[in-house]
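Asks: coordinates only, sequence not included:
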């Protein structure tokens, strides 16, 4: 089975950040700091859970606190695929 | 040289230590509260020097030659996440307090090795996932090697529930919940609402009181909406929903000074809501098609609910370990540490005994016999001795028992128990007034031969660790009124040949009374942990209406 691509992960994250913050997906840029969209701690934690379920990987609870932008988080998730 | 594995429960509450040997055998496990005689031992080190030293001595550990590998029951420090995420239903001060205790326990784990000369520098410590520790400990005593293991507690590494699949003794996590939303925290909140104190572990009181109330369906609906169950996992709803539930429940709340019965319907409703929520979680598990369930985490102490699971959701067998709460995680951490070093060997397959703790000091027993000044000392070894004890019980005497290794977990299972005759209608009140000092509404438990459970209980099933509350058959309740709760149930302990002394005692009691059942309550007084030393046991004899104490095979009795 091939791993999801960076684009897959980015799209997944964009959808969930949009769901939590009610900001339209097209306005969520990869380079914008997530808290600037109004993403709160609880949102970050719940999205981390969705990442685990969707991609069947184990993520650290600090993942979305350590990385500030959507692109950074997506790259960190992709890096976990081969671990 | 041999390598031993020391597991430490580092939650900051209910600390405990466990020792596993090089072959994966569990050699010792005991909660710190027993050693220091302080209930729940808040903030005490799980590797307290004196306790660890005595535990190592009990296992035959050779400090000069053997190696001790230290592990803890948390992968990380809780303070790494914002407090509001992990303690949403409890006051922030309580959450901060818990975080600080856990962080300290994690940071200082293993330091006692320096004091004991077992390390020259701070030892390397292995850290294991909290819910995996629960699961490993729970599955190690399961009577099967395949099934599901559901962990439900107050809080874990990222959430308060995890589901594992058990395959030939190896665990694989299927999911874990993330974020706030916790059955354990819900029950703690309910405990406070009923006028009790969760920090004192008074969730028991809610469960006991529930039998006196009637669930109010509207209130049950409201309380059950305090948590959403999403994909089998508890999650907090929107704040507006929480606020509405709090407002709905408020008129039913009881202040600590109010009469107990004021909270009876609230307790019954809260317990019913708890059952509804866990039912939803198990419904989700049922789709996985497993016939065996291991339930662990602090919520697995909810024996009232546990007794309703078997036969539903496709589960033919339900196992709850003797220590499902955080004390049990010491054992989980030790086993996981051993498994890490032995990846190719079978694990978690040997049904473990719950009798894993300290033993009475024979020299102190001799001193007690020589110096106690009581009227009657009897050697009650062997069959004749059992008949003597049965005769005393049948005569209405209340006897404290300290035999063999102490139980691991909160239940007294016959090694640190107070035993009495379940037949007299006033035995419950006598025990409460003369010995235990407990509230009159709380139930006492029966010990029943495993092969006779069906004669006495509905939904008969094994309950070796008092993990399941079942309804008594209607025709037998009048025979043993002291162990029948207000709702006609009993939190039974079943015994078989693996517990020969207790099995034989039940047979001796039946020979004299026609009833093969004895009342078994923990050997402690209200507010204190179960007795640890011979001195603790003798202090209860001296300061309460206890009639006698059995120290191994020596029965010390007061004059009549």
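Replies: Cool, the structure landed. Model, not experiment: these values are computed from the prediction.
Asks: Going by C-alpha atoms from here, please, whenever you check contacts or count neighbours.
Replies: Noted.
Asks: Test my guess that residue B:436 contacts residue B:526.
Replies: Yes: A contact is recorded between residue B:436 and residue B:526 when judged using CA atoms under 8 Å, the distance being 5.7 Å.
Asks: From the neighbour counts alone, determine which of those two ranks first.
Replies: More neighbours sit around residue B:436 than around the other of residue B:436 and residue B:526, counting by other CA atoms under 10 Å in any protein chain shown; the figures are 23 against 13.
Asks: Look at residue B:44 and tell me its secondary structure.
Replies: Classification of residue B:44 into helix, strand or coil gives coil, according to DSSP: H, G, I helix; E, B strand; the rest coil.
Asks: Let me see the contact set for the residue of the stretch 401-550 of chain B found nearest chain A.
Replies: Nearest residue of the stretch 401-550 of chain B to chain A: residue B:409, at 30.3 Å (CA to the nearest CA). For residue B:409, the contact set (CA atoms under 8 Å, 6 or more residues apart in numbering or on different chains) comprises B:30-31, B:322-325, B:327-328, B:354.
Asks: Return the residues of the stretch 101-250 of chain B in contact with chain A.
Replies: Those residues of the stretch 101-250 of chain B that sit near chain A, judged by CA under 8 Å from any CA of the partner chain, are B:157-158, B:175-179.
Asks: how close does the spatially most central residue of chain A get to chain B?
Replies: For chain A, residue A:13 is the residue whose C-alpha lies nearest the centre (CA atoms, centre = their mean; 3.9 Å). Taken as CA to the nearest CA, to the nearest Å, the spacing of residue A:13 relative to chain B amounts to 16 Å.
Asks: Turn the residues of the stretch 101-250 of chain B next to chain A into TSV, including distance to residue B:264 and neighbour count.
Replies: Conversion of those to TSV gives the following (distance: CA to CA, whole Å; neighbours: other CA atoms under 10 Å in any protein chain shown):
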residue	distance to residue B:264	neighbour count
B:157	34	22
B:158	34	25
B:175	36	20
B:176	34	24
B:177	32	27
B:178	33	30
B:179	31	30
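Asks: bridging residues for residue B:494?
Replies: For residue B:494, the residues forming beta bridges with it (DSSP bridges) are residue B:448.
Asks: Could you report the pLDDT at the nearest residue to residue B:497 once chain neighbours are set aside?
Replies: Across the structure, with CA to CA, 6 or more residues apart in numbering or on different chains as the measure, the residue nearest residue B:497 apart from its sequence neighbours is residue B:503 (6.8 Å). If you check residue B:503, the pLDDT there is 98.
Asks: can you pull the contacts of residue B:426?
Replies: Shown in contact with residue B:426 (CA under 8 Å, 6+ apart): residue B:482.
Asks: pLDDT score for it?
Replies: For residue B:426, the model assigns a pLDDT of 96.
Asks: Which segments of chain B make up each domain?
Replies: The record assigns chain B these domain ranges, following automatic domain parsing: B:3-141+B:326-341, B:183-319, B:362-557.
Asks: Now do the contacts for the residue sitting nearest the centre point of chain B.
Replies: With distances taken as CA atoms, centre = their mean, residue B:410 lies nearest the centre of chain B, 3.4 Å away. Contact criterion CA under 8 Å, 6+ apart gives B:322-323 as the residues in contact with residue B:410.
Asks: Now do the same for it: helix, strand or coil?
Replies: coil.
Asks: need the contact list for residue B:67.
Replies: Shown in contact with residue B:67 (CA under 8 Å, 6+ apart): B:1-4, B:118.
Asks: Okay, it and residue B:118: tell me how far apart.
Replies: 8 Å (CA to CA, to the nearest Å).
Asks: Same check on residue A:78?
Replies: Going from residue A:78 to residue B:118 by CA to CA gives 43 Å.
Asks: The least confident helix or strand in chain A by mean pLDDT and chain B in contact?
Replies: Among the helices and strands of chain A, helix A:63-66 carries the lowest confidence by mean pLDDT, DSSP states H and E, at a mean of 85. No: judged by CA under 8 Å from any CA, helix A:63-66 makes no contact with chain B; its nearest approach is 9.1 Å.
Asks: For residue A:18, give me its contacts.
Replies: By CA under 8 Å, 6+ apart, residue A:18 lies in contact with A:24-25, A:28.
Asks: need the contact list for the residue lying closest to residue B:124 once chain neighbours are set aside.
Replies: If the residues on either side of it in the chain are set aside, residue B:124 comes closest to residue B:70, at 7.2 Å by CA to CA, 6+ apart. Applying CA under 8 Å, 6+ apart, we find residue B:70 in contact with B:5-8, B:109-110, B:123-126, B:334.
Asks: Show me just the buried residues among those.
Replies: Neighbour counting with 16 or more other CA atoms under 10 Å in any protein chain shown marks B:5-8, B:109-110, B:123, B:125-126, B:334 as buried within the contacts of residue B:70.
Asks: possible to save those residues as a markdown table with pLDDT and secondary structure?
Replies: Formatted as a markdown table, the entries for those read as follows, by pLDDT from 0 to 100; DSSP: H, G, I helix; E, B strand; the rest coil:
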| residue | pLDDT | secondary structure |
| --- | --- | --- |
| B:5 | 97 | strand |
| B:6 | 98 | strand |
| B:7 | 98 | strand |
| B:8 | 98 | strand |
| B:109 | 97 | coil |
| B:110 | 96 | coil |
| B:123 | 94 | coil |
| B:125 | 98 | strand |
| B:126 | 98 | strand |
| B:334 | 96 | helix |
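Asks: hmm, which two among those are most spread apart?
Replies: Across the buried ones among the contacts of residue B:70, the longest distance by CA to CA is 15.3 Å; it joins B:123 and B:334.
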